[in-house]
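Asker: Need a 3D model of the following:
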Amino acid sequence: MNTAYQHTGTENFVRAFAEFSKENGRILPELNTIAIGRLEDIGFPTTRHEEWKYTNVSPILNTAFSHPGPQFRLKKEDIQSWMLAGKDAILLVFENGYLNTDLSSLDGLPEKVIIASLSAQRSNAIVKQHLAKYAPMKQESFVVLNTAFVSDGAFIYLPANIQIEKPVHVLYVNDSEFHPTVIYPRNLIVADKNASVKVAVSYHSIGSTNAGFTNAVTEVVAGQNAQVELIKIQNENESAFHISHTEAILSKDSVFNISTITLGGKIVRNNLHIVLSETNSVAHLYGLYITDGNQLVDNHTLVDHMSPNCESNELYKGVLGGKSSGVFNGKVFVRQDAQKTNAYQSNKNILLSDEATMNTKPQLEIFADDVKCSHGATTGQMDAEALFYLRSRGIGEQEAKAFLNIAFAADVIKNISIEALRDRLMPLIENKLKQSIQS
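Answerer: Purely as a prediction, here's the structure:
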């Protein structure tokens, strides 16, 4: 076995799979079995693996998690503060990985649009055509793990020429109040030719004593001239583990915008792969991570330019306080046939303390000769001149620091097109920034 991988903890998941495989109504029964076998073969990455150099997953693997069934105890008042996309949003609420229909709201769906749980749509031809066809399983251990245990998630399908004005909010809650709990959300978003949709997926947790582990996979398929906006918000508590993988496939003339906002969690890893498979497709990637205490947030992005005349723009920003750590590894891959590519990548970070650390590695791999590509990364302290200017106007030091960091973060949030979501995110971000400044 490659020394970059380990089998520690694998046996725990294999034993859990023996019970899970007895359940009725599994979404991918044949692929579940293949995936658990694959997991036994490859194990989990260690810090010897270059892609996991700064992220040690041992705390996750050494925790004995339970995989709860569809047992619901949340009420509508319990989720009010998490209704980030506004009261008019189409809402799917998943409690411990299963759809809670009593808390969900699907009013106002256009004809032929499907927004439902995957488990209810497992026989749907679109689901069979696309589910588990894109997210890689060769060496992505946590994609394999999700595929082995996937039992539910969100399915969003827009037929050709359909545009949904209302945002769609998929809300996940991991309840680990009584024991460590793992959930395996799986999302499939398919927008056919000329379709348009805006989707917010948020992750929250209950219980701070026990660790909750969210292992999520999202697959996005954008058809010709389709427009898909995806906003991922991770706001779980300080004891939570969160590892997610998002895979997006873009067709001719399609546009995909994704914003990844990370505010909570003990160990968080966001993997994002975007494939511009046909000409004139465009991808915009925005990321914001705010950390304090002993948090670790790791963002890995890969934009694969396969075809000519495509464009990608990437902006990730981080504010790190306390003893927290951040990682940004962004790769833009331009294939030989992808002439006339335009790709831009930027990572900017502010360290609020001497003990906070940031490891950043922007990369370009270009095999075409007629391209415009650039990348850059900066990590440093707060702008001393700007801080002095505010202080000289009678603004206190803590307030001045908060003001500067809020402006820094807003540069990412302003790209979210859902107004209600922007309005609800900013107070959360401001509170988190104030905590980071004080830590």
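
Asker: Find the nearest non-adjacent residue to residue 340, please.
Answerer: residue 309 (4.6 Å; Cβ to Cβ, 6 or more residues apart in numbering). To be clear about C-beta, it is placed using only N, CA and C from the backbone, and glycine gets the same treatment.

Asker: Would you confirm that that neighbour contacts residue 368?
Answerer: No: counting by Cβ atoms under 8 Å, residue 368 is not a contact partner of residue 309; they are 11.2 Å apart.

Asker: Report the set of residues contacting both of those two.
Answerer: 339, 341 (Cβ atoms under 8 Å, 6 or more residues apart in numbering).

Asker: ok, now which ones touch residue 221?
Answerer: Counted by Cβ under 8 Å, 6+ apart, residue 221 has contacts 130, 134, 188-191, 248-249.

Asker: Name the nearest residue to it, sequence neighbours excluded.
Answerer: residue 190 (4.6 Å).

Asker: partners of the one you found in the sheet?
Answerer: Residue 190 has these beta-bridge partners by DSSP bridges: residue 157, residue 221.

Asker: what about it, neighbour count?
Answerer: By other Cβ atoms under 10 Å, the residues close to residue 190 number 25.

Asker: which residues does it contact?
Answerer: 126, 130, 156-158, 220-221, 223.

Asker: among those, who's most crowded?
Answerer: residue 158 (26 neighbours).

Asker: is it true that it touches residue 164?
Answerer: Yes: shown here, residue 158 and residue 164 form a contact pair, counting by Cβ under 8 Å, at 6.7 Å.

Asker: Which residues are in contact with each of those two?
Answerer: Common neighbours of residue 158 and residue 164 (Cβ under 8 Å, 6+ apart) are 113, 196-197.

Asker: Nearest spatial neighbour of residue 356, chain-adjacent residues omitted?
Answerer: residue 320 (4.0 Å).

Asker: Give the buried residues for stretch 20-37.
Answerer: 20, 26-28, 31-32, 35-36 (16 or more other Cβ atoms under 10 Å).

Asker: Can I get it as PDB, trimmed to CA atoms?
Answerer: Output in PDB follows, covering the C-alpha atoms of stretch 20-37 (Å, rounded to 0.1, in the frame of the first residue of the first chain):
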ATOM      1  CA  PHE A  20     -26.000  -0.300   6.900                       C
ATOM      2  CA  SER A  21     -26.100  -2.900   4.100                       C
ATOM      3  CA  LYS A  22     -29.100  -4.500   5.700                       C
ATOM      4  CA  GLU A  23     -31.200  -1.400   5.300                       C
ATOM      5  CA  ASN A  24     -34.000  -1.300   2.700                       C
ATOM      6  CA  GLY A  25     -34.300   1.500   0.200                       C
ATOM      7  CA  ARG A  26     -30.600   2.300  -0.300                       C
ATOM      8  CA  ILE A  27     -30.000   4.600  -3.200                       C
ATOM      9  CA  LEU A  28     -26.900   2.800  -4.700                       C
ATOM     10  CA  PRO A  29     -26.900  -0.700  -3.300                       C
ATOM     11  CA  GLU A  30     -24.500  -2.100  -5.900                       C
ATOM     12  CA  LEU A  31     -22.200   0.900  -5.800                       C
ATOM     13  CA  ASN A  32     -22.300   0.900  -2.000                       C
ATOM     14  CA  THR A  33     -20.700  -2.500  -1.900                       C
ATOM     15  CA  ILE A  34     -18.100  -1.600  -4.600                       C
ATOM     16  CA  ALA A  35     -17.200   1.600  -2.700                       C
ATOM     17  CA  ILE A  36     -16.700  -0.100   0.700                       C
ATOM     18  CA  GLY A  37     -14.400  -2.600  -1.000                       C
END
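
Asker: Strands of the stretch 101-250 of the chain, start to end?
Answerer: Secondary structure of the stretch 101-250 of the chain (DSSP state E, counting those that start in this stretch): strands at 114-117, 154-158, 168-175, 181-183, 186-191, 196-206, 212-222, 227-234, 241-250.

Asker: Distance to residue 434 and mean pLDDT added to these, as a markdown table?
Answerer: Output for those, formatted as a markdown table (distance: least, Cβ to Cβ, whole Å; pLDDT from 0 to 100):
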| stretch | distance to residue 434 | mean pLDDT |
| --- | --- | --- |
| strand 114-117 | 36 | 96 |
| strand 154-158 | 33 | 98 |
| strand 168-175 | 25 | 97 |
| strand 181-183 | 30 | 95 |
| strand 186-191 | 32 | 98 |
| strand 196-206 | 20 | 97 |
| strand 212-222 | 25 | 97 |
| strand 227-234 | 19 | 98 |
| strand 241-250 | 23 | 98 |
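
Asker: Tell me which of those sits nearest to residue 47.
Answerer: Smallest distance to residue 47 across the strands of the stretch 101-250 of the chain (Cβ to Cβ): 15.0 Å, for strand 241-250.

Asker: Would you list the strands that the closest one pairs with, along with their directions?
Answerer: Counting by DSSP bridges, strand 241-250 is paired with strand 212-222 (parallel), strand 267-276 (parallel).

Asker: now the angle from the shortest one to strand 227-234?
Answerer: With axes from the mean of the first three to the mean of the last three Cα atoms, to 10 degrees as the basis, strand 267-276 and strand 227-234 are set at 170 degrees to each other.

Asker: Just the buried residues of the very next helix or strand once past strand 267-276, please?
Answerer: Downstream of strand 267-276, the next assigned helix or strand under DSSP states H and E is strand 282-291. Residues of strand 282-291 classed as buried: 282-291 (neighbour count, 16+ other Cβ under 10 Å).

Asker: Then stretch 6-16?
Answerer: 6, 9-10, 13, 16.

Asker: just stretch 336-346 next, same as before
Answerer: 338-341, 343, 345-346.

Asker: what's the farthest-apart pair in the buried residues of stretch 20-37?
Answerer: That would be 27 and 36, which, of the buried residues of stretch 20-37, are the farthest apart (Cβ to Cβ) at 14.4 Å.

Asker: sorry, back to before: next step: the buried residues of stretch 20-37 restricted to helices.
Answerer: When the buried residues of stretch 20-37 are checked against helices (DSSP state H), the matches are 20, 31-32, 35-36.

Asker: of these, the lowest pLDDT goes to which?
Answerer: The lowest pLDDT within those belongs to residue 20, with 83.

Asker: re the thing from before, nearest to residue 270, of the buried residues of strand 282-291?
Answerer: Distances from residue 270 to the buried residues of strand 282-291, taken by Cβ to Cβ, are shortest for residue 287, at 7.5 Å.

Asker: and which of the ones in helices among the buried residues of stretch 20-37 is nearest to residue 146?
Answerer: residue 35 (8.2 Å).

Asker: Do I have it right that the closest one meets residue 144?
Answerer: Yes: with contact defined as Cβ under 8 Å, residue 35 and residue 144 form a contacting pair (5.1 Å).

Asker: any residues in contact with both of those two?
Answerer: By Cβ under 8 Å, 6+ apart, the residues touching both residue 35 and residue 144 are residue 137.
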